[in-house]
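Participant: The following comprises the amino acid sequence and a computationally predicted model.
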Amino acid sequence: MESFAVGVDLGGTMIKAALVERGTGIVEEAVHMTEAEKGPESVLDSLADIIRALHSAAPDGQVGGIGLGIPGAVNWERTSVLYPPNLPGWGIVDVRAELCSRLGAEYEVFVENDANLAALGSAHYSTGKPYDSFIMITLGTGVGGAIIYNNKIFRGSTGGAGEIGHFSIDFEGPIDRYGIAGAVEAYLGQRFLSRFARFKLISQKESLVHKMSAGNDLVDLTPLILFEAASAGDELSTEILAWAGHKLGCALASAINLLDIRKVIVGGGLSSAGDFILGPARRAARQHVMPDARDDIEIVQETLGNQVGMLGAARLVFEYLDEQPPSTGSGTISM
């Protein structure tokens, strides 16, 4: 039974990857700027370099395969990503074939939506372990969503289920990167929320954000700065995070009503704002779900941060290997 896999979380801003041991978890990590503006060829080259380095760190240089989380839709075969919204220039890319050609070996490569893998990692290694079914939402450059049902990713009919970030909560609202009006991502995606906060605070000179590293006219304002200001007692920043949390809670209520799954785990960078966002989200969700669901709702923060995406990517490899009959051989790859 193969004990090692490489798990990769490809984001719009950062590539995070790890060598993962089946029982221990993460053994070694690597982080690299995505530099998404350089296009898919450059990003794929960087991915291959990172995978090669992590592979060499495994005992005897052997791994069972590679799991890769990517923002956006992934085909049913888990080989290709389809028009990822936060990776410029990517259309339909067969990531498995591209990586194998760069690495010079026929790897077992599995591509999956990044939020799905964060949920899988949480289910088997972290906050999701007590629940056999839950909804996951990740708040980062974009807003991802996933559904875990009976400890497995629920993929829908084509592999694209769980896109809570593209729920519309106002058909006349702002437009997200997919062109959907009033989508959750158009409020809570990092760039969207930063822009909204900047316009709200730019003339509010009493706000603490003007004394922080937000740049001239708050052009460098980020959700992290909002959280730091709110933690220091800034009422205006607290109000903006509460506004964002309310939007999140409304979307989650719709997901709970639809799926009858009442446990929610919130991950991604913005989740570090904790109860500044999750408190209003809990109140809004309970207000907007059907009455019989109100007492059972739990909305909790993912505790492992970005690591769950890498762990989930590796878990995808281990699940595949466990399903193979013994006669198929070891399945490990040496480089």
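Facilitator: Structure's in. What do you need?

Participant: just the strands in the stretch 1-150 of the chain please.
Facilitator: Here the stretch 1-150 of the chain has its strands, by DSSP state E, counting those that start in this stretch, at 4-10, 14-21, 25-33, 66-70, 73-74, 80-82, 92-94, 109-113, 134-139, 143-149.

Participant: List the neighbouring strands of the fifth one plus their orientation.
Facilitator: For strand 73-74, the paired strands and their directions (DSSP bridges) read strand 80-82 (antiparallel).

Participant: ok so, going back, residue 233 is nearest to which of the strands of the stretch 1-150 of the chain?
Facilitator: Nearest to residue 233, of all the strands of the stretch 1-150 of the chain, is strand 134-139, at 23.1 Å by C-beta to C-beta. Every residue, glycine included, has its C-beta placed from N, CA and C.

Participant: Contacts made by the closest one with the rest, please.
Facilitator: 114-115, 118-119, 122-123, 128, 143-148, 162, 164-165, 188, 190, 248, 251-252, 255-256, 259, 261, 263-271, 277, 302 (C-beta atoms under 8 Å, 6 or more residues apart in numbering).

Participant: Keep only those of those residues that are in helices.
Facilitator: Residues of the contacts of strand 134-139 located in helices (DSSP state H): 114-115, 118-119, 122-123, 188, 190, 248, 251-252, 255-256, 259, 277.

Participant: For the residue nearest in space to the middle of the chain, which non-adjacent residue is spatially closest?
Facilitator: By C-alpha atoms, centre = their mean, the chain has its centre lying nearest to residue 115, at 3.9 Å. Once flanking residues are discounted, residue 115 sits nearest to residue 144: 2.9 Å by C-beta to C-beta, 6 or more residues apart in numbering.

Participant: My guess is that neighbour contacts residue 165. True?
Facilitator: Yes. Residue 144 is within contact range of residue 165, at 5.6 Å (criterion: C-beta atoms under 8 Å).

Participant: Tell me the confidence at residue 56?
Facilitator: Per-residue confidence at residue 56 stands at 88 (pLDDT).

Participant: how near is it to residue 117?
Facilitator: 23 Å (C-beta to C-beta, to the nearest Å).

Participant: Comparing those two, which residue is more hemmed in?
Facilitator: residue 117 (33 against 11; other C-beta atoms under 10 Å).

Participant: could I get the strands of the stretch 1-150 of the chain as TSV with mean pLDDT?
Facilitator: Shown next, in TSV, are the strands of the stretch 1-150 of the chain (pLDDT from 0 to 100):
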stretch	mean pLDDT
strand 4-10	95
strand 14-21	95
strand 25-33	94
strand 66-70	95
strand 73-74	90
strand 80-82	93
strand 92-94	95
strand 109-113	95
strand 134-139	96
strand 143-149	95
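
Participant: for these, which one sits closest to residue 318?
Facilitator: Per C-beta to C-beta, nearest to residue 318 of those: strand 4-10, 6.2 Å.

Participant: Packing partners of the closest one?
Facilitator: strand 14-21, helix 40-57, strand 66-70, helix 114-125, helix 307-323 (3 or more C-beta pairs under 8 Å, 6 or more residues apart in numbering; DSSP states H and E).

Participant: Try it again at 6 Å.
Facilitator: strand 14-21, strand 66-70, helix 307-323 (3 or more C-beta pairs under 6 Å, 6 or more residues apart in numbering; DSSP states H and E).

Participant: on that earlier part again, now the two most distant members of the ones in helices among the contacts of strand 134-139.
Facilitator: 190 and 259 (25.9 Å).

Participant: Between those two, which is the more surrounded one?
Facilitator: Counted by other C-beta under 10 Å, residue 190 and residue 259 do not tie: residue 190 has more neighbours, with 22 against 16.

Participant: ok, the residue nearest to the centre of the chain to residue 143 distance?
Facilitator: Distance from residue 115 to residue 143, by C-beta to C-beta: 9 Å.

Participant: List the contacts of the closest residue to residue 316 other than its chain neighbours.
Facilitator: Nearest non-adjacent residue to residue 316, counting by C-beta to C-beta, 6+ apart: residue 67, 4.2 Å away. The neighbours of residue 67, taking C-beta atoms under 6 Å, 6 or more residues apart in numbering as the test, are 7, 110, 313-314, 316-317.

Participant: how much space between residue 67 and residue 120?
Facilitator: For residue 67 relative to residue 120 (C-beta to C-beta), the value is 9 Å.

Participant: Residue 193 now?
Facilitator: Distance from residue 193 to residue 120, by C-beta to C-beta: 26 Å.
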